[in-house]
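> Would you be able to build a 3D model of this:
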Amino acid sequence: MKKGLRLTSILLVFTMLLLLGVRWAERDNRLNLTRVRIDNSSLVDSVAIAEVLRPYFGSSLLKLDTDFLKNQLQAIEGVDSVSVVIHYPETIHVSFSTRKPAVILAYSSREIPVTVSGDHLPADWVNDQLPVIEVVGDPDASVIESALLLLTMYPLSPSVSMQVSNREIVVTDNGLRIILDPERAAENWLSWRRISTIIPDRTDEVDLRYKDQAVLRFSEET
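Model prediction:
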């Protein structure tokens, strides 16, 4: 019994001393944020990261709301997720997971890298290894989504180009235009793969927007 009371008393004294020590350290600014370690941020705008983190420097880590900080960092363009871990007495570790550019949407005046799902990414994430979809006019978002899905399901070779406009997706392969219905793009593309070997050499266009048939147009007609 006495042994249990003694152990309890020691634990209470230790806890009080610990709390007093933490309180003293905080008052003496020994638990303030002075250092941030950042991982996997190479594609993220470093200026935007700095703007978010700047107000936290010099503040007590005991009062840091990590969830709020994560939400602020995740709002930066191109960021998918963020983890924030506190390392006492003065450091936080921030690790980024960024979205991956899959395709470049090439408009008349600008190029926009996007994810597979069509989310826009920072313009400087453009690189010459990504496939390009030329965007003509102002097509509905569903048309662009259909083209992105087609590229995801059936990656095209570098020699093949794709264009989207108001009512169609056009794939050009060695000068031959294959016109697809955005609402049935994958189905149309499978149809093209079935008939591609029997198309006459002088064919200029293959229009697959008509159900269960392919309309061939020859160079003399266009």
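> Please work out which helix or strand belonging to the protein has the smallest mean pLDDT.
Using mean pLDDT, DSSP states H and E, helix 2-27 stands out as the lowest-scoring helix or strand of the chain, at a mean of 48.
> and after it, which helix or strand comes next?
Per DSSP states H and E, the first helix or strand lying C-terminal to helix 2-27 is strand 35-39.
> Beyond that following strand, next helix or strand please.
Next element after strand 35-39 (DSSP H and E): helix 46-53.
> Only the buried residues of that next one, if you could.
For helix 46-53, the neighbour count (16 or more other CB atoms under 10 Å) marks 48-49, 52-53 as buried. (C-beta placed from N, C-alpha, C; glycine too.)
> How about stretch 99-117?
99, 101-106, 112-115.
> before we move on, what about stretch 142-161?
Neighbour-count burial for stretch 142-161 flags 143-144, 146-151, 161 (criterion: 16+ other CB under 10 Å).
> what comes into contact with that stretch?
With contacts defined as CB atoms under 8 Å, 6 or more residues apart in numbering, stretch 142-161 is touched by 102-103, 105, 114, 116-118, 131-135, 162, 164-167, 169, 171-174, 180, 182-183, 185-186, 189.
> hmm, back to that, redo the buried residues of stretch 99-117 as JSON lines? Include pLDDT, secondary structure and distance to Leu156.
Output for the buried residues of stretch 99-117, formatted as JSON lines (pLDDT from 0 to 100; DSSP: H, G, I helix; E, B strand; the rest coil; distance: CB to CB, whole Å):
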{"residue": "Arg99", "pLDDT": "90", "secondary structure": "coil", "distance to Leu156": "22"}
{"residue": "Pro101", "pLDDT": "91", "secondary structure": "coil", "distance to Leu156": "16"}
{"residue": "Ala102", "pLDDT": "91", "secondary structure": "coil", "distance to Leu156": "13"}
{"residue": "Val103", "pLDDT": "93", "secondary structure": "strand", "distance to Leu156": "11"}
{"residue": "Ile104", "pLDDT": "94", "secondary structure": "strand", "distance to Leu156": "13"}
{"residue": "Leu105", "pLDDT": "95", "secondary structure": "strand", "distance to Leu156": "15"}
{"residue": "Ala106", "pLDDT": "95", "secondary structure": "strand", "distance to Leu156": "15"}
{"residue": "Ile112", "pLDDT": "94", "secondary structure": "strand", "distance to Leu156": "19"}
{"residue": "Pro113", "pLDDT": "94", "secondary structure": "strand", "distance to Leu156": "17"}
{"residue": "Val114", "pLDDT": "94", "secondary structure": "strand", "distance to Leu156": "16"}
{"residue": "Thr115", "pLDDT": "92", "secondary structure": "coil", "distance to Leu156": "18"}
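> Which of these sits closest to Asp80?
Closest approach to Asp80 among the buried residues of stretch 99-117 (CB to CB): Arg99, at 4.8 Å.
> May I ask you to confirm that that closest one is in contact with Gly78?
Yes. Using CB atoms under 8 Å, Arg99 is in contact with Gly78, at 5.6 Å.
> which neighbours do those two share?
By CB under 8 Å, 6+ apart, Arg99 and Gly78 have these common neighbours: Leu121.
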